[in-house]
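Enquirer: sequence? don't have it. structure:
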């Protein structure tokens with residue numbers, strides 16, 4: 001589990017059981033295959049990720065993997081984080097809202113399936129932020145670290161870069177890099 005509370009009575013999923021059950025029924029009704037990826041329900045079309053279902057403290061959501069490519073005719077897609085490039089989500093706090101929105105949700109899901117069928121790929125900027133000088137220097141000193149970092153997925157690379165760039169002081173950036181080096185060498189992301 002990603003969350004330490006996963007599978008316990010304190011898990012956030014319990015806050016949204018009715019909402020998640022309704023979302024699951026809608027997703028399966030659209031002909032998607034349910035799989036477990038990244039410890040969350042992921043719905044695929046011909047083995048390609050289309051949408052994930054998630055539970056958070058204040059809401060549950062549908063997370064469209066290529067939501068940036070959807071038309072968003074009803075203006076309900078949200079960019080979940082300031083550094084998100086492609087994914088978009090729809091948030092819910094009440095099962096009745098899901099029931100009312102079911103036809104609209106099916107439109108979005110079917111559009112996401114069509115995006116997958118088309119093979120359209122979003123233009124993802126690989127490392128749009130500069131690699132911090134402290135990390136570049138460490139990779140020059142340790143070729144294994146550079147190799148391991150380059151073997152990570154672009155998303156994992158970006159999470160590390162953003163984490164290393166956040167502190168204003170070089171000393172703090174260096175400390176973060178030191179603490180993360182073993183995870184990188186082990187092929188793991190910051191949040192794995």
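Expert: Looks like it came in fine. This is a predicted model, so every value here is computed, not measured. Residues are numbered from 1 along each chain as shown.

Enquirer: use CA for all of it now, contacts and neighbours both
Expert: OK.

Enquirer: got the contact list for the helix or strand containing residue 21?
Expert: In the assignment (DSSP states H and E), residue 21 maps to helix 17-29. Contact with helix 17-29 is made by 34, 43, 53, 60, 62, 92-95, 98-99, 102, 106, 109, as judged by C-alpha atoms under 8 Å, 6 or more residues apart in numbering.

Enquirer: now, which of those sits nearest residue 169?
Expert: Nearest to residue 169, judged by C-alpha to C-alpha, of these is residue 60 at 36.5 Å.

Enquirer: and the next element down the chain from the helix holding residue 21?
Expert: Using DSSP H and E, the helix or strand that follows helix 17-29 in sequence is strand 33-37.

Enquirer: partner strands of that next one, with direction?
Expert: In the sheet, strand 33-37 lines up against strand 40-45 (antiparallel) (DSSP bridges).

Enquirer: tell me the angle the partner strand makes with helix 17-29.
Expert: Orientation check (axes from the mean of the first three to the mean of the last three C-alpha atoms, to 10 degrees): strand 40-45 against helix 17-29 gives 20 degrees.

Enquirer: residues of strand 40-45 that come out buried?
Expert: Residues of strand 40-45 classed as buried: 41-45 (neighbour count, 16 or more other C-alpha atoms under 10 Å).

Enquirer: quick one: which of these is nearest residue 132?
Expert: Residue 132 lies nearest to residue 42 out of the buried residues of strand 40-45, by C-alpha to C-alpha, at 33.5 Å.

Enquirer: out of the contacts of helix 17-29, which are buried?
Expert: Among the contacts of helix 17-29, those classed as buried by 16+ other C-alpha under 10 Å are 34, 43, 53, 60, 62, 92, 95, 98, 109.

Enquirer: quick one: contacts of the helix or strand of the chain with the lowest mean pLDDT?
Expert: In the chain, the helix or strand scored least confidently by mean pLDDT, DSSP states H and E is helix 154-165, which has a mean of 89. Defining contact as C-alpha under 8 Å, 6+ apart, one finds that helix 154-165 is touched by 126-127, 129-132, 135, 149-150, 173, 176-177, 189-190.
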